[in-house]
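In: how would this look folded up:
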Amino acid sequence: MSSRRQPAPLPPPEAFQSRSIAQSASQQLESHAVGALPILNHLLERIQLPQILESMLPREDRRARVPAATGLVMLLKNYLLAREPLYGVSEWSLRQAPDLLGLSPGQLQAFNDDRIGRCLDRLFAADCGAVALRVATQAVREFQVSLDELHNDSTTITFHGAYAEAQTAESRPQGRVPAITWGHNKDHRPDLKQVLYLLTVTGDGAVPVQFRVESGNTTDDQTHQATWDVLCTLSGRRDFLYVADSKLATRENMAYIHQRNGRFVSVLPRTRQEDRTFREVLQRGEVQWSPLWARKDEAGEIEDQFAFATPVSTTSDGYRLVWYHSTRKADIDALTRTISLERAVQKLHTLKLSLASPRARRRTETQVQEAVDKILADYEVAHLMDVRITAREKESFRQARRGRPNHKTRYVRDVAVRFDLEFEASLERIAQDRMSDGVFPLVSNDLKLSEKELLCAYKNQPQIEKRFSQLKTDFAVAPVHLHSPTRIVAFLCVYFFALLLEALLERELRRQMVKAKITSLPLYPEGRPCRRPTARRVLDLFDNVQRHTLTIAEQPPVELLTEFSPLQRQLLKLLRLRPEDYGRRGPAGPSVA
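Out: Numbering: from 1, shown residues only. Predicted structure coming up:
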């Protein structure tokens, strides 16, 4: 049998364990899963992650059978391909080709969840922030990622358990250990403890370049100055455009960046006086709007129209303030208000019924008012509804003494106070509120960007939400069950590397599609076209790839690889990988076309 001949596709890697099957005394067949490991190895070599880990991790005991750098890279590959829990990484690794994991068969047997924990300890000891910064610097240089525009945001990572040893933040020589505690939970789980996960991505492909873990009770406005300083170190400059949400727009944060010759774009908070003043003018109909941009979808249909208010104003701090109007946001605001009003009315109606019950728990007007205020606050409709609480007396009579009643029986009059609700939405105030639909203000200290450039810079901010979505869905990072706070920080650092690799894979593939003038790839079920391929879909597409090594007597081993589909071959060509070398045993690894 020729070594070039390909076998028919076999069951997925999960259907079998990596094994050697003795056909007879002179025959042996070895089977391993390959999957997308060669693609990941190609990206890892380009960003030099294995080499950086080897150089920065503390020295190990010579008796360690699996180097910490190798273990961390294998853990990263598991995150990207299998998403197994920590206790399942060892079993997953036994199904993979050892050479593609960078391990010998003997080392695979020695790899377990305890070893993974020790690898995470060594990553924390090397300073996770410093390691991530060096890896990001190499990725930016190798893939020529632009750092002209950087976007920052945060999310919460939720935990179960007490975590008694992480109740307060602690500074250690290796790095800062955050407090795992309660705070404003962005997953709507106020009953669970958390940490704050900060992430910065580029405007060029949403490539993650910086991360940090802060205590769970840290507010976003306290994080921007330190983040901006790190980004200056990463980029070697200060004139990049720093984009973040309204927590950036505090007087201290904006002054900190402006005084150091930095540039920023953010949304002006609703609590500022400038916001209230503009909306009052808007409700009087005294604002002039100038058309700016009609955004179209892939079919060429207009999906949103933007305008900006003239003349452009300034904040009390002297920064540029531009007010925009979006037709799509106006529709969303109107729908959101309608839904909020309907739900608030339903809750108030339920409260009204409960107050009329003989077993009503709220017996005082103060208790009723607190319940009403909570409903209106939860749905943010306090300014749109009128609610009146009325008290009425309900009298009842009972015998003064026990016994069968007769003409001498005396009765006692009892008076119980019952409360009732009357509520209605104010049509006048709803009409006034509707005039602000679709309106939002951007504040910046950059005077050179046009109104459209300023808007486009901020419209890229949702790209970072895609990375957070991958963190919570693809990798299922929450909830976390680790018990050591130092290992948790290292654990989230490895997830940063996972997000970085996915972003680089997507960016590289999409750029190559543009060069090859390919508008879409049939990645969706039934061959439906995909204009913007995602890393998750590409990696999953190679799940069926396996390698089989057949040895007969004294003859040289013959390697057999799963036959590639036309789509797989096309993807490998776009990623500059040769199908004939993909996944094959050899010291050189995958070859670049």
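In: Endpoint to endpoint, stretch 156-163 covers what distance?
Out: Start-to-end span of stretch 156-163 (CA to CA, to the nearest Å) is 16 Å.
In: What are the buried residues along it?
Out: Residues of stretch 156-163 classed as buried under the neighbour-count rule (16 or more other CB atoms under 10 Å) are 156-159, 163. No exception for glycine: its C-beta is placed from N, CA and C like everyone else's.
In: Then stretch 259-279?
Out: Under 16+ other CB under 10 Å, the buried positions of stretch 259-279 are 262-269, 272, 274-275, 278-279.
In: Of these, which belong to strands?
Out: 263-267 (DSSP state E).
In: Tell me the one of the residues you listed nearest residue 458?
Out: Using CB to CB, residue 265 is the member of those that lies nearest residue 458, at 5.5 Å.
In: pretty sure the closest one contacts residue 242?
Out: Yes. Residue 265 is in contact with residue 242 according to CB atoms under 8 Å; the separation is 7.4 Å.
In: How many residues are close by the closest residue to residue 535 other than its chain neighbours?
Out: For residue 535, ignoring the flanking residues on the chain, the nearest one in space by CB to CB, 6 or more residues apart in numbering is residue 502 at 3.8 Å. Neighbour count for residue 502, taken as other CB atoms under 10 Å: 26.
In: Okay, and residue 502 sits in which element?
Out: helix 485-515 (DSSP states H and E).
In: Past that helix, which element shows up next along the chain?
Out: Defined by DSSP H and E, the subsequent element after helix 485-515 is helix 535-541.
In: what about the closest residue to residue 285 other than its chain neighbours, distance to residue 286?
Out: The shortest distance from residue 285 to any non-neighbouring residue, by CB to CB, 6+ apart, is to residue 435 (8.0 Å). Relative to residue 286, residue 435 is positioned 11 Å away (CB to CB, to the nearest Å).
In: what about the two, which has more around it?
Out: More neighbours surround residue 435 than the other of residue 435 and residue 286, with 15 against 8 (other CB under 10 Å).
In: tell me the contacts of that one?
Out: By CB atoms under 8 Å, 6 or more residues apart in numbering, the residues touching residue 435 are 282-283, 285.
In: Can I get those in CSV including distance to residue 176, neighbour count and secondary structure?
Out: Output for the contacts of residue 435, formatted as CSV (distance: CB to CB, whole Å; neighbours: other CB atoms under 10 Å; DSSP: H, G, I helix; E, B strand; the rest coil):
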residue, distance to residue 176, neighbour count, secondary structure
282, 45, 18, helix
283, 47, 15, helix
285, 53, 7, coil
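In: circling back to that earlier point, can you list the ones in strands among the buried residues of stretch 259-279 in CSV and add pLDDT and distance to residue 43?
Out: Converted to CSV, these look like this (pLDDT from 0 to 100; distance: CB to CB, whole Å):
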residue, pLDDT, distance to residue 43
263, 98, 31
264, 98, 32
265, 98, 31
266, 97, 33
267, 97, 35
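In: just these now: which is nearest residue 210?
Out: residue 264 (15.8 Å).
In: pretty sure that closest one is touching residue 255, no?
Out: No. Counting by CB under 8 Å, residue 264 does not reach residue 255; the two are 10.5 Å apart.
In: how about the spatially most central residue of the chain, secondary structure?
Out: In the chain, the centroid-proximal residue (CA atoms, centre = their mean) is residue 468; its distance is 0.6 Å. With DSSP: H, G, I helix; E, B strand; the rest coil as the basis, the three-state label of residue 468 is helix.
In: Report the contact partners of it.
Out: 153, 155, 199.
In: try it again with 6 Å
Out: By CB atoms under 6 Å, 6 or more residues apart in numbering, residue 468 lies in contact with residue 155.
In: so what pLDDT did it get?
Out: pLDDT, residue 468: 86.
In: Next SSE downstream of the helix or strand hosting residue 158?
Out: Per DSSP H and E, residue 158 falls inside strand 149-159. Using DSSP H and E, the helix or strand that follows strand 149-159 towards the C-terminus is strand 170-172.
In: Can you give me the buried ones in that next one?
Out: Quick answer for strand 170-172: no buried residues (16+ other CB under 10 Å).
In: What pairs with it, parallel or antiparallel?
Out: Take DSSP bridges as the rule and strand 170-172 pairs in its sheet with strand 175-177 (antiparallel).
In: which element follows the partner strand toward the C-terminus?
Out: Downstream of strand 175-177, the next assigned helix or strand under DSSP H and E is strand 193-202.
In: could you give the angle of that next one to strand 149-159?
Out: Interaxial angle, strand 193-202 versus strand 149-159 (axes from the mean of the first three to the mean of the last three CA atoms, to 10 degrees): 160 degrees.
In: Given the following helix or strand past strand 193-202, what are its sheet partners and their directions?
Out: As assigned by DSSP H and E, the chain's next helix or strand after strand 193-202 is strand 208-215. Within its sheet, strand 208-215 is paired with strand 193-202 (antiparallel), according to DSSP bridges.
In: neighbouring contacts of the strand it pairs with?
Out: Identification of contacts with strand 193-202 by CB under 6 Å, 6+ apart yields 145, 150-152, 154-159, 178, 180-183, 185, 208-214, 216, 218, 223, 464.
In: Please compute how far it lies from its chain's middle.
Out: Put simply, strand 193-202 sits 8 Å off its chain's centre (CA atoms, centre = their mean, to the nearest Å).
In: Next: stretch 513-531.
Out: Taking CA atoms, centre = their mean, one finds the center of stretch 513-531 at 25 Å from the center of the full chain.
In: And stretch 148-159, by the same measure?
Out: 7 Å.
In: Likewise for stretch 391-406?
Out: From the chain centre to the centre of stretch 391-406 is a distance of 63 Å (CA atoms, centre = their mean).
In: which residues sit against it?
Out: 409-419.
In: and if we set it to 8 Å?
Out: Applying CB under 8 Å, 6+ apart, the set of residues contacting stretch 391-406 from outside is 365, 409-420.
In: low pLDDT regions in the stretch 1-150 of the chain?
Out: Applying pLDDT under 70 to the stretch 1-150 of the chain flags residues 1-25.
In: That one: strands as residue ranges?
Out: 19-24, 27-33, 149-159 (DSSP state E, counting those that start in this stretch).
In: can you list the weak-confidence ranges in the stretch 401-550 of the chain?
Out: 474-482.
In: Walk me through the domains of the chain.
Out: 13-126+542-581, 333-434 (automatic domain parsing).
In: roughly how far is the first one from the heart of the chain?
Out: Between the mean C-alpha location of domain 13-126+542-581 and the chain-wide mean there is a distance of 27 Å, by CA atoms, centre = their mean.
In: same thing with the shortest one?
Out: Relative to its chain's centre, domain 333-434 lies at 41 Å (CA atoms, centre = their mean).
In: returning to what we had before: which of the buried residues of stretch 259-279 lies closest to residue 309?
Out: Relative to residue 309, the closest of the buried residues of stretch 259-279 is residue 278; by CB to CB it sits at 7.8 Å.
In: ok so, going back, including distance to residue 305 and mean neighbour count, could the domains of the chain go into TSV?
Out: Formatted as TSV, these follow (distance: least, CB to CB, whole Å; neighbours: other CB atoms under 10 Å):
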stretch	distance to residue 305	mean neighbour count
domain 13-126+542-581	36	17
domain 333-434	15	13
